[in-house]
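[1] model the following, please.
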Amino acid sequence: KNSESFYSEDYGKSFHDVCHAINNTFIKKDFGISAGPGNPQQVILTANLPFTETPGGVIFTSMDAGVTFRSVQLPFHPAQAIQFHYQDPKYIVVISIDVSKVLPPTLSSPLNSLRGELILRRTQDFGKNFTTIAKSVFSFGYIGGFLFTSVMEKLASPRVIYVSSDQGDHFKKAQLPSATTEQFYSVLDGDEDMIFMHVDNPGDTYFGTIYTSDDRGILYSKSLERHLFGGEGKSDFTNVTSLRGVYLTNILEEDGRIRSVISFDRGRRWRFLKKPENVNCPDSSTKCNLHIHGEHSHFSGITPMLPLSEPTAIGLVIAHGSVGDSISAVRPDVYVSRDGGYTWWGTLRGPHHYTILDSGGLIVAVEAHRDRQISSIKFSTDEGQCWKIFNFTDHPIFLAGLASEPGTKTMNISIFGYRPDDDDQPMWVAVTIDFEHLLTRECDEQDYVQWLAHSDYDSDPETDGCLLGYKETFRRLKKLSACRNGRGYMVSRQQHSCPCTRDDYIEYGFYLHENTSECLLQADFLNQTQDICLNGELDDLQHTGYRKIPGDKCEGGFSPPKREDSFKNLCGKDILPASSNLHTVRSVSGPFVKKIIIHYTVAKKHEVKSLIMYDTI
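    The predicted structure is shown next:
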């Protein structure tokens, strides 16, 4: 056989060979399978064909979840995963850059040599027409409601960020430090309201600064210094999706220690994690906190899993970590939080693979061993307080991983692994466990309780639980209720607005020091005020200097003090109008001319049309 491809319709309990349907073709390992958003019947496989031996790639499309496939010849080789249009999944986009037609083959890194001389083009009719929206582009990205371009305003000059909140109609310069060729920008997270941006520190330091944006992605405030960001492009920054406003990451101290910090208010303040009550501190620790292993540890092979949370499992977080004055190099243990990271519980010794099922009503975990076979799975119905063991096979296997249906609604888990056969060759095995046979009772109203998120239970009842101007009360499963939520379970929440306080506002140009909570002037803000004045941002700031935190819904209460005189002094009298040409990305002038050939393939109902774009800059 040239390849082996299978599909399952029953959560991995049985598999069907589809090799004949795809002509025994090898499928790409990295981005070979794409499934339609919200439509599991729509599947696309990308063939793994030699780039130099074939004129173009091949994809196989299926509209019946892999029962049958149709072969489609492409005029180029895909370089990235196939993407479905977020509004109309009948359309797909396949991107490839034919570098061989741009530069001589002797250049070892041809694409990097074009950085800063690229153009950005936009299509609003599914690829029929393209228009240029930015020039002199080093890189670009799109997250939430914001389009970013990293721009070299002059050839070989430091890069700056321009942001558009209207899909590229207009760009404005972001108030962020510039980045040299040795530095980088990284958008850590974002939504329709705001952006978390990492700006690398000069030099080979492995850390930088996190900034948070206003609701337009233009004005930025310093959020966290010495944010760890490794040279391999790995960041430990994690959005805890099970509770609004919670983010988790690691910092690199001056003495080389790595410590974990958490924010419960979208990056306005950061604090160290509390030590779990059921775990003792090492005798050598002068400070004792919980520290979470993130992408760096996962990339290094220290942990098999990243921190895990799900929007349907309110407050639940599972992560590998260690207790002490910094992250430990020894084997980490598994910790659980049921309130979004405020408090933690040591739950399993040693590294594990883990998954959330039944909307948080069930957690499953399997020990992670590189040199030992396993035959049992652990499961908990009380958010990791107690665990039971189920032996799923009489023939142990080397674990490769866990797989379940996305969305946490299911109670089925598949365990993939292998065991040596008689010829000492690996024989792959998949075991599927249906926990509906163990948790047979459906939950009723007596199994649920009302829970106020972000509550410390000691505050004023009027403001207790207030975050970003409102509080949320959830209906969630009681810790000791051993029942199943079921597929029909929906997250139920009630929202109530809160009176405004100082915490609902950001004073742009200042930041809260993480140790003293003192409001300090950003060192680089004075160098950026000219751009604020030129961009017409003064109108937004001169009356108070404050803006509400993006997404804040508070009403009444605190009113920010006026700072009009301070900003007039910063900007001076000669303020250009808002129509300044800094609103538009400028192009690089000079004798540098290169031809960029970018292939966009847009497919509708399996009809593929190749669009080739030529431009000179």
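
[2] flag the shaky bits of the chain, pLDDT-wise.
    The chain contains residues with pLDDT under 70 at 1-3, 51-53, 86, 97-116, 231, 422, 458, 508-545, 562-617.

[3] and it, what are its domain boundaries?
    Taking automatic domain parsing as the reference, the chain has its domains at 1-114+594-617, 445-496, 502-583.

[4] could you tell me the end-to-end distance of the second one?
    Across domain 445-496, the straight-line distance between its terminal residues is 23 Å, by C-alpha to C-alpha, to the nearest Å.

[5] so what's the gap between it and the chain middle?
    With C-alpha atoms, centre = their mean, to the nearest Å as the basis, domain 445-496 stands 25 Å off its chain's centre.

[6] measure A81 to I549 for me?
    A81 sits 34 Å away from I549, taking C-beta to C-beta, to the nearest Å as the criterion. C-betas here are computed from N, CA, C, even on glycine.

[7] looking at the two, which has the bigger crowd around it?
    More crowded of A81 and I549, by other C-beta atoms under 10 Å: I549, with 25 against 15.

[8] and the strand or helix carrying V163, C-alpha only, in CSV?
    When secondary structure is defined by DSSP states H and E, V163 falls within strand 159-164. What follows is strand 159-164, C-alpha atoms only, in CSV (Å, rounded to 0.1, in the frame of the first residue of the first chain):
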residue,chain,number,x,y,z
ARG,A,159,9.3,48.3,11.5
VAL,A,160,6.1,50.0,12.8
ILE,A,161,2.6,48.6,13.2
TYR,A,162,-0.4,50.0,11.3
VAL,A,163,-3.9,48.8,12.2
SER,A,164,-7.2,48.8,10.4
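
[9] counting by contacts, list what the helix or strand that it is followed by packs against.
    Downstream of strand 159-164, the next assigned helix or strand under DSSP H and E is strand 172-173. Packing partners of strand 172-173 (3 or more C-beta pairs under 8 Å, 6 or more residues apart in numbering; DSSP states H and E): strand 159-164.

[10] chain center to the strand it packs on, what's the gap?
    Per C-alpha atoms, centre = their mean, the centroid offset for strand 159-164 relative to its chain is 21 Å.

[11] list of residues touching it?
    With C-beta atoms under 8 Å, 6 or more residues apart in numbering as the test, strand 159-164 has contacts from 116, 133-134, 138, 146-153, 170-174, 176, 178-180, 185, 197, 213, 216-218, 585.

[12] show me which of those residues are buried.
    Buried residues within the contacts of strand 159-164, counting neighbours by 16 or more other C-beta atoms under 10 Å: 116, 133-134, 138, 146-153, 171-174, 176, 178-179, 185, 197, 213, 216-218, 585.

[13] what residues does stretch 427-440 touch?
    Residues contacting stretch 427-440 (C-beta under 8 Å, 6+ apart): 10-13, 15, 357-358, 361-362, 364, 377, 379, 381, 390, 392-393, 397, 400, 411-421, 482-484.

[14] and those, which are buried?
    The neighbour-count test (16+ other C-beta under 10 Å) marks 11-12, 357-358, 361-362, 364, 377, 379, 381, 393, 397, 411-418, 482-484 as buried among these.

[15] bridged to the most centrally placed residue in the chain, which residues?
    In the chain, the centroid-proximal residue (C-alpha atoms, centre = their mean) is D189; its distance is 5.8 Å. Going by DSSP bridges, D189 is paired in beta bridges with F196.

[16] OK, contacts around it?
    Counting by C-beta under 8 Å, 6+ apart, D189 has contacts I143, I195, F196, F237, N239, Y247.

[17] repeat that for L147.
    By C-beta under 8 Å, 6+ apart, the neighbours of L147 are F140, G141, V163, S164, S165, Q167, G168.

[18] which of the contacts of strand 159-164 fall in strands?
    When those are checked against strands (DSSP state E), the matches are 133-134, 138, 146-152, 172-173, 185, 197, 213.

[19] please enumerate the strands of the stretch 351-500 of the chain.
    Assigned by DSSP state E, counting those that start in this stretch, the strands in the stretch 351-500 of the chain fall at 352-357, 362-367, 376-380, 388-391, 398-403, 412-420, 426-434, 448-452, 470-477, 492-497.

[20] these into JSON lines, with extra columns for distance to G267?
    Formatted as JSON lines, those follow (distance: least, C-beta to C-beta, whole Å):
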{"stretch": "strand 352-357", "distance to G267": "25"}
{"stretch": "strand 362-367", "distance to G267": "28"}
{"stretch": "strand 376-380", "distance to G267": "31"}
{"stretch": "strand 388-391", "distance to G267": "39"}
{"stretch": "strand 398-403", "distance to G267": "32"}
{"stretch": "strand 412-420", "distance to G267": "34"}
{"stretch": "strand 426-434", "distance to G267": "39"}
{"stretch": "strand 448-452", "distance to G267": "22"}
{"stretch": "strand 470-477", "distance to G267": "18"}
{"stretch": "strand 492-497", "distance to G267": "22"}
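
[21] among the ones you listed, which is nearest K275?
    With C-beta to C-beta as the criterion, K275 lies closest to strand 352-357 of those, at 20.6 Å.

[22] what is the closest one packed up against?
    Where contact means 3+ C-beta pairs under 8 Å, 6+ apart, strand 352-357 is packed against strand 362-367, strand 398-403, strand 412-420.

[23] name the nearest residue to L49, sequence neighbours excluded.
    Using C-beta to C-beta, 6 or more residues apart in numbering and skipping residues adjacent in sequence, the residue nearest L49 is G57, 5.9 Å away.

[24] what about stretch 419-434, distance to the chain center?
    Stretch 419-434 has its C-alpha centroid displaced from the chain centroid by 33 Å (C-alpha atoms, centre = their mean).

[25] end-to-end on it?
    End-to-end distance (C-alpha to C-alpha), stretch 419-434: 22 Å.

[26] buried residues in it, which are they?
    Neighbour-count burial for stretch 419-434, counted by 16+ other C-beta under 10 Å, picks out A430, V431, T432, I433.

[27] identify the farthest-apart pair in those.
    A430 and I433 (10.9 Å).

[28] helices of the stretch 51-200 of the chain, start to end?
    Along the stretch 51-200 of the chain, counting by DSSP state H, counting those that start in this stretch, helices occupy 110-113.

[29] circling back: farthest pair in the ones in strands among the contacts of strand 159-164?
    Greatest spacing in the ones in strands among the contacts of strand 159-164, by C-beta to C-beta: M152 and S213 (21.7 Å).

[30] quick one on the thing from earlier: my read: the residue nearest to L49 touches P50, true?
    No. G57 lies out of contact with P50 (C-beta atoms under 8 Å); the separation is 10.3 Å.

[31] any chance of the buried residues of stretch 419-434 in CSV, with distance to C288 too?
    What follows is the buried residues of stretch 419-434, written out as CSV (distance: C-beta to C-beta, whole Å):
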residue, distance to C288
A430, 42
V431, 40
T432, 42
I433, 38
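
[32] that older thread, buried subset of the contacts of D189?
    The neighbour-count test (16+ other C-beta under 10 Å) marks I195, F196, F237, N239, Y247 as buried among these.

[33] sweet, I'm off.
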